[in-house]
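Asks: predicted model, plus sequence, below.
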Number of protein chains: 2
Amino acid sequence: MGQPVIWGSPRAERADAARNRRLLLATAREIITGQGADKLTMDGLAKRAGLGKGTVFRRFRTRAGIFQALLDDDERHFQKQVLSGPPPLGPGAAPLDRLIAYGRARIGFLIGHRQIARAALDGRESVPAGTQTPMSRTHIRFLLEEMCLGAADLDVLATQLTAALDGPLLLYLSSATLTQTAPQVAERLGRGWEDLVQRVCARTVAGPPGGEIPPPSAATAI
Amino acid sequence: MGQPVIWGSPRAERADAARNRRLLLATAREIITGQGADKLTMDGLAKRAGLGKGTVFRRFRTRAGIFQALLDDDERHFQKQVLSGPPPLGPGAAPLDRLIAYGRARIGFLIGHRQIARAALDGRESVPAGTQTPMSRTHIRFLLEEMCLGAADLDVLATQLTAALDGPLLLYLSSATLTQTAPQVAERLGRGWEDLVQRVCARTVAGPPGGEIPPPSAATAI
DNA sequence: GGCGTAAGCGGACTTTACCCCGGTTATATT
DNA sequence: AATATAACCGGGGTAAAGTCCGCTTACGCC
């Protein structure tokens, strides 16, 4: 139990650091559910957790970083359902059905986490929301690949579909709308996603317009 | 009290205010091209424009607001090309071709404006990027409508395609990648968009899964 | 042209994100 | 167990965002 297993390279997180990180995340959740995300301040968080301000910044680097960490945490749980839960979300169903189910689930997840997800956006960072290859994109890419549709550039397609899923909730829908009519919005977006995916995966598309030129260079770049 | 008749529109902008707004936008552009978007500070902007800080905040409400205003300004010019320029971007071509051309143009525009567009994101506002019905979405909606594909919910589809266009550049691609390999990225995304749109518009899709239920309530809601 | 009023303006004030660095403590090694 | 070292902690300091309120000015009306 107390065995400090050394992970790959970056020297495992020190025990006190890990404890404090958990404490800070939990405290952040308290503040958010109690007073709303926009009332979360670095000072306040530190004080309420009984820690110094420097500690908070060391852990999360920036205010948005806290929300990214929270989102990451919840996404991990969500992803577990996707990877090992019952079909059609989990493995065992046809890729197309899984993709549709995944979209609906993701929409629900984002609506449930809209406060945090929005607050995780930060115009001053080079890559705003979460990681550069979000789990969502990876999963969609995987399902698309299994379907063997003749897409010219799977990476781009996966990125665009991920955006079609996240974008409306992160970029275009006002949180007022979301708060007032969340269930209807979820249902509409879910149907829309199903329709979109069904069209995209119908596989009746002419070859690439410019001849058979493969994607520019590295196949996995973007 | 003498009730001043409330006009439908909120009483045109005062002349000095308009002049100052233009001055501030121009000054902001100077700073951005000269020193980069992240060097733009409200104090600095006010001082360089020879105005008070309060004025800057009154005009743009928030730091991100400045970038939103700049983007809005440039988008207006861009949109002029779309509405009255030569085909296939402008009117005169088939809707599908216009949609493809629009996507490519929009990608180019966003890559060219990536600094501003990213900085316009703000996790503390209810609707982060620009307006709630961006011109982009409206235009896409219009073209889709002309195509008469049997989409269940055009508004949602338009929103999702808009996101597929904006999302990759706003949310997922690191600005490092963009700066280093902008042309290749533009080309790949452009091809991807063409492929995506061609699939979506192939019109060989079964009816909606749950029968012929129309979208929940208001047709133009989302 | 003179007047009333709403809008605009400025800059001091408050709050908050973020930096820094000396002191402390967990962990690996011997 | 003692030591070396690297990571962690704290809290004061800075600069920038955002607020307030009294003064000024443009605009519509008489």
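Replies: Right, received. Where do you want to start?
Asks: following the host helix or strand of A:Arg104, which helix or strand comes up?
Replies: Under the criterion of DSSP states H and E, A:Arg104 resides in helix A:95-112. The helix or strand immediately downstream of helix A:95-112 is helix A:114-119, counting by DSSP H and E.
Asks: gap between that next one and the chain center?
Replies: With CA atoms, centre = their mean, to the nearest Å as the basis, helix A:114-119 stands 11 Å off its chain's centre.
Asks: tell me the helices and strands packed up against that helix.
Replies: Using 3 or more CB pairs under 8 Å, 6 or more residues apart in numbering or on different chains; DSSP states H and E, the elements in contact with helix A:114-119 are helix A:63-84, helix A:175-200. Backbone N, C-alpha and C define where each C-beta goes, glycine included.
Asks: how far off helix A:95-112 does the shortest one point, in degrees?
Replies: Read that as helix A:63-84. Helix A:63-84 runs at 150 degrees relative to helix A:95-112, counting by axes from the mean of the first three to the mean of the last three CA atoms, to 10 degrees.
Asks: do the last one as well
Replies: Here the directions of helix A:175-200 and helix A:95-112 differ by 170 degrees (the same axes, to 10 degrees).
Asks: with adjacent residues omitted, what lies nearest to A:Ala17?
Replies: Nearest residue to A:Ala17, sequence neighbours excluded (CB to CB, 6 or more residues apart in numbering or on different chains): A:Arg59, at 7.7 Å.
Asks: what bits of chain A have low per-residue confidence?
Replies: A:1-11, A:126-133, A:203-222 (pLDDT under 70).
Asks: picking up where we left off before, based on its surroundings, how many neighbours for the residue nearest to A:Ala17?
Replies: By other CB atoms under 10 Å in any protein chain shown, the residues close to A:Arg59 number 16.
Asks: adding mean neighbour count and distance to B:Thr162, write the helices and strands packed on helix A:114-119 out as a markdown table.
Replies: Formatted as a markdown table, the helices and strands packed on helix A:114-119 follow (neighbours: other CB atoms under 10 Å in any protein chain shown; distance: least, CB to CB, whole Å):
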| stretch | mean neighbour count | distance to B:Thr162 |
| --- | --- | --- |
| helix A:63-84 | 17 | 23 |
| helix A:175-200 | 19 | 12 |
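Asks: need those helices in a markdown table with distance to chain B, can you?
Replies: Converted to a markdown table, the helices and strands packed on helix A:114-119 look like this (distance: least, CB to the nearest CB, whole Å):
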| stretch | distance to chain B |
| --- | --- |
| helix A:63-84 | 6 |
| helix A:175-200 | 3 |
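Asks: I'd like to know how many residues surround A:Arg14.
Replies: For A:Arg14, the count of nearby residues is 10 (other CB under 10 Å).
Asks: what's the distance between it and DNA strand D?
Replies: A:Arg14 sits 4 Å away from DNA strand D, going by CB to the nearest atom of the strand, to the nearest Å.
Asks: now A:Ala93. Its backbone dihedrals?
Replies: A:Ala93 adopts backbone torsions of phi -100, psi 170, taken as degrees, to the nearest 10.
Asks: so which elements touch the helix or strand encompassing the residue nearest to A:Ala17?
Replies: Assigned by DSSP H and E, A:Arg59 belongs to helix A:53-60. Applying 3+ CB pairs under 8 Å, 6+ apart, we find helix A:53-60 packed against helix A:15-35, helix A:42-49, helix A:63-84.
Asks: contacting residues around the first one?
Replies: The contact list for helix A:15-35, computed with CB atoms under 8 Å, 6 or more residues apart in numbering or on different chains, reads A:13, A:39-40, A:44-45, A:48-49, A:51, A:55-56, A:59-60, A:66, A:69-70, A:73, A:115-116.
Asks: mind running it again at 10 Å?
Replies: Applying CB atoms under 10 Å, 6 or more residues apart in numbering or on different chains, the contact partners of helix A:15-35 are A:2, A:4, A:12-14, A:37-41, A:44-51, A:55-56, A:58-60, A:66-67, A:69-70, A:72-74, A:115-116, A:119.
Asks: buried ones in that helix?
Replies: Across helix A:15-35, burial judged by 16 or more other CB atoms under 10 Å in any protein chain shown covers A:20-21, A:24-25, A:27-28, A:31-32.
Asks: that one near DNA strand C anywhere?
Replies: Yes: residues of helix A:15-35 contacting DNA strand C under CB under 7 Å from any atom of the strand: A:15-16.
Asks: pull that helix out as PDB, backbone CA atoms only.
Replies: Extracted in PDB, the C-alpha atoms of helix A:15-35 (Å, rounded to 0.1, in the frame of the first residue of the first chain):
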ATOM      1  CA  ALA A  15       1.700  12.300  -0.900                       C
ATOM      2  CA  ASP A  16       0.900  15.600   0.700                       C
ATOM      3  CA  ALA A  17       0.600  17.200  -2.600                       C
ATOM      4  CA  ALA A  18      -1.900  14.600  -3.700                       C
ATOM      5  CA  ARG A  19      -3.900  15.000  -0.500                       C
ATOM      6  CA  ASN A  20      -4.000  18.800  -0.900                       C
ATOM      7  CA  ARG A  21      -5.100  18.500  -4.500                       C
ATOM      8  CA  ARG A  22      -8.000  16.300  -3.600                       C
ATOM      9  CA  LEU A  23      -8.800  18.700  -0.800                       C
ATOM     10  CA  LEU A  24      -8.700  21.700  -3.100                       C
ATOM     11  CA  LEU A  25     -10.900  20.000  -5.700                       C
ATOM     12  CA  ALA A  26     -13.500  19.000  -3.100                       C
ATOM     13  CA  THR A  27     -13.500  22.500  -1.600                       C
ATOM     14  CA  ALA A  28     -13.800  24.000  -5.000                       C
ATOM     15  CA  ARG A  29     -16.900  21.800  -5.700                       C
ATOM     16  CA  GLU A  30     -18.400  23.000  -2.400                       C
ATOM     17  CA  ILE A  31     -18.000  26.600  -3.300                       C
ATOM     18  CA  ILE A  32     -19.300  26.100  -6.800                       C
ATOM     19  CA  THR A  33     -22.400  24.200  -5.700                       C
ATOM     20  CA  GLY A  34     -22.900  26.600  -2.800                       C
ATOM     21  CA  GLN A  35     -22.300  30.000  -4.400                       C
END
